[in-house]
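Student: I'll drop the sequence and a predicted model, then ask my questions.
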Amino acid sequence: MKVRLQNLTKRYPNRNRKIHEDVIAVSDFTFEIPDGMLIGLLGPSGCGKSTTLNLICGLEKPTEGKIFFGEDDVTDLPPENRGVGLVFQNYALYPHLTVLQNILFPLQNLKGEKKLSKEAMLEKATAAAKLVQIEALLERKPSELSGGQQQRVAIARALVKMPRVLLLDEPLSNLDARLRLQTREEIRRIQRETGITTVFVTHDQEEAMSISDMIVVMKAGVLQQIGKPQTVYDDPVNLFVAKFLGTPPINIFSGRVRGGTLYVGEDAVLKVSGAEDREVWVGIRPEGFIPREDGPLRCALRAVEVMGRDTSVVGAHGAFAGETLRAIISAENRVDESSAEVRFALRPNKLFLFDKVSEARIPFTAV
Amino acid sequence: MKSSGFKAWLYLLPAIAFLGVFMVYPLIDVFIYSFEEGYNSASQTVFGVGWFNYSYVLHDPYFLQAVKNTLILVIITVPLSTGIALLISVGLNSIRPLKELYQTVYFLPYVTNTLAVGLVFMILFKKTSYTDGMVNLLINAFGGSSVDFIDGPYWAKMFVMCFYTIWVVMPFKILILTGALASVDQTYYNAARVDGTGKWRIFTRITLPMISPMIFYLIITGFIGAFKAYSDEVALFGTNLNAAGMNTIVGYVYDMLYGDSGGYPSYASAAALILFAIVLTITCINLLVSKKKVIY
């Protein structure tokens, strides 16, 4: 099912009564989620991603704008009539019911012509349990399950009615690191098998990048960029998106364009065309550095961390504007640990320029 | 090890001493009294040992009346007060404006003196030569004839007694239940909403199980409290409860000890132990039922 948000806006009255201005959680969202895709809503805490999810779900009413599932306008429909399944961050499994009863719960709510016979309900619940591989746990109580198993039960409960859209709120945040890797593959698999359009919320860019077909990057209620993970990574629209995606994070330098040359501090690092003379932020991905003895970017060498396949070089530079300057280089490129300085050549396609004030991306061509 | 064991006992000593002197010893004493026939506290003499005290109490029409009154009171007030308190709590929990005000209002009876409240009920229900009482005025307004609720027929007096008891025990139950309701995680309700669960089903399948430990607590303490009812009856019907036919088991015990017919600690002890046996039985039944119904 295709999901389309049109000028979606959600405002809350300010808690502080002295301030009459509303809090804008979601501001003028317009985007379309193609049928059968797995979408990651990505942004830092408090950026409105959970609100967006609740709006799609129907737990909250938008202040303005419309939501379409396919061609149906579902803006004013309650959740149960939208055909959505929601997996809560803390799973919200009913603790007094067994796993089976939890999965059956949504089916038992069906009324009228949708009402199912007991056998049909049991069949559907078992099928959902099989899909998430928890058939052996049906008689247990949620408290007797591990975090990962509870997660699966929650997904089974959300899927048992075969919703048109599956929503997951921070599905991996309550799991430990190892389980997280496993579960995200699991979510990917379940989504592939069912083909249900799935939206999940996360603040972890790695999580979003690894399994999403498309990611939606948000900041303070405003949509920043939407696209394939690799596209957004390779082609960020602004400094925020560039900084938010990628581990280790992008390295930001203060720089300027002068007469067709890009300077980082005093180092003339790149000949550029298409960018007028101005002060800029220079963002260089960690993999954009190539150690070379005659390289234009001169950094003080702080440490070399060998991580097997790659080598991480921690350096320092006068114009660096972040916390740790980190370059990832392949293991063949040896860096002399004893030397005080390391020089880098830069890959132009891993280097982005941003306006100092608006932080928008400045297009340029390397010459 | 030995010295730490000694220290532990040393720390426990004050509590053990107080409990021993003021609880354990009197309890054992009551037990002994109940089997000592014709015990006289002035002369400290006893005729003999046996079941006579129990036999006397169980054949005393006043005691039987008291047991009947107490049982009726318990059976009517415990379920009703818990049920109504649950309704009010659910209502309180679902309103937003003036919630605090209502909570305060509902809690007022709890901090009001029993006897003062009893007086108010007298004004509401009592028939005097000047007025028939507020409730009778209402009954008259709807075309009924006056009933003497305080000195009249048994059912009328029982009605006032139950009404009063329910009204007095309600605030505490409301307090506990609103607290329990508020502590139910909101995401369960959101989850239920996403699945389109009906209001009644949410209440019976989610809310009730979630607060069942608190309901159970209220039922157990409610039973025990109602079995021990006495002061409320005095507030309504005066100290001569036997004459009013509205005595309770605890009232009977008190009368046997200090009332006009007082001075019979043996009978009082026997009656107290019979009450203890009843309460113990009911509580055990409650615990057994709760094992099946209460989810912790």
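Tutor: Structure received. Residues are numbered from 1 along each chain as shown, chains lettered A, B, ... in the order given.
Student: going forward, measure contacts between C-alpha atoms and count neighbours the same way
Tutor: Will do.
Student: which elements pack onto the lengthiest helix in chain B?
Tutor: Ranked by residue count, the top helix of chain B under DSSP state H comes out as helix B:61-94. Applying 3 or more Cα pairs under 8 Å, 6 or more residues apart in numbering or on different chains; DSSP states H and E, one finds that helix B:61-94 makes contact with helix B:99-111, helix B:154-182, helix B:208-227, helix B:249-258.
Student: again, only using 10 Å
Tutor: helix B:52-59, helix B:99-111, helix B:154-182, helix B:208-227, helix B:241-244, helix B:249-258 (3 or more Cα pairs under 10 Å, 6 or more residues apart in numbering or on different chains; DSSP states H and E).
Student: deepest in the core, which of those is it.
Tutor: Scoring the helices and strands packed on helix B:61-94 by mean neighbour count under mean count of other Cα atoms under 10 Å in any protein chain shown gives helix B:249-258 as the most buried, with a mean of 22.
Student: now do whichever helix or strand comes after it, average pLDDT.
Tutor: As assigned by DSSP states H and E, the chain's next helix or strand after helix B:249-258 is helix B:265-293. Regarding helix B:265-293, the rounded mean pLDDT is 88.
Student: cool, and stretch A:200-220?
Tutor: Taken as a whole, stretch A:200-220 has a mean pLDDT of 90.
Student: so chain B: which segments form each domain?
Tutor: For chain B, the structural domains run B:1-50, B:60-293, going by automatic domain parsing.
Student: tell me how far the nearest residue to residue B:108 once chain neighbours are set aside lies from residue B:165.
Tutor: Distances taken as Cα to Cα, 6 or more residues apart in numbering or on different chains put residue B:171 closest to residue B:108, at 7.3 Å, once the chain neighbours are dropped. Using Cα to Cα, to the nearest Å, residue B:171 is found at 11 Å from residue B:165.
Student: check residue A:65 too.
Tutor: To residue B:165, residue A:65 is 55 Å away according to Cα to Cα.
Student: ok so, going back, which residues touch the residue nearest to residue B:108?
Tutor: B:81, B:85, B:103, B:104, B:105, B:106, B:107, B:108, B:109, B:110, B:111, B:177 (Cα atoms under 10 Å, 6 or more residues apart in numbering or on different chains).
Student: what about 8 Å?
Tutor: If a contact means Cα atoms under 8 Å, 6 or more residues apart in numbering or on different chains, then residue B:171 has B:85, B:106, B:107, B:108, B:109, B:110 as its contacts.
Student: where does the residue lying closest to the first one once chain neighbours are set aside land on pLDDT?
Tutor: Excluding its sequence neighbours, the residue lying closest to residue B:85 (Cα to Cα, 6+ apart) is residue B:174, at 5.1 Å. For residue B:174, the pLDDT comes out at 91.
Student: right, and residue B:174 touches residue B:87 too?
Tutor: No - assessed by Cα atoms under 8 Å, residue B:174 is found out of contact with residue B:87, at 9.0 Å.
Student: mind exporting the C-alpha coordinates of stretch A:121-139 to PDB?
Tutor: Taking C-alpha atoms only, stretch A:121-139 is exported to PDB below (Å, rounded to 0.1, in the frame of the first residue of the first chain):
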ATOM      1  CA  MET A 121      -8.400 -16.800  14.500                       C
ATOM      2  CA  LEU A 122      -6.200 -19.600  15.800                       C
ATOM      3  CA  GLU A 123      -5.000 -20.300  12.300                       C
ATOM      4  CA  LYS A 124      -4.100 -16.700  11.700                       C
ATOM      5  CA  ALA A 125      -2.400 -16.300  15.000                       C
ATOM      6  CA  THR A 126      -0.300 -19.500  14.400                       C
ATOM      7  CA  ALA A 127       0.600 -18.300  11.000                       C
ATOM      8  CA  ALA A 128       1.800 -14.900  12.400                       C
ATOM      9  CA  ALA A 129       3.700 -16.700  15.100                       C
ATOM     10  CA  LYS A 130       5.300 -18.900  12.500                       C
ATOM     11  CA  LEU A 131       6.300 -15.900  10.500                       C
ATOM     12  CA  VAL A 132       8.300 -14.400  13.400                       C
ATOM     13  CA  GLN A 133       9.400 -17.900  14.600                       C
ATOM     14  CA  ILE A 134       7.900 -18.000  18.000                       C
ATOM     15  CA  GLU A 135       5.600 -21.100  17.600                       C
ATOM     16  CA  ALA A 136       7.300 -22.700  20.600                       C
ATOM     17  CA  LEU A 137       6.500 -19.900  22.900                       C
ATOM     18  CA  LEU A 138       2.800 -19.500  22.500                       C
ATOM     19  CA  GLU A 139       1.800 -20.600  26.000                       C
END
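Student: give me the buried stretch members for it, please.
Tutor: A:121-122, A:124-129, A:131-135, A:137-138 (16 or more other Cα atoms under 10 Å in any protein chain shown).
Student: would you list the phi and psi of the residue of chain B found nearest chain A?
Tutor: Going by Cα to the nearest Cα, chain A is nearest to residue B:196 of chain B, at 4.6 Å. For residue B:196, the backbone dihedrals (degrees, to the nearest 10) come out as phi 70, psi 40.
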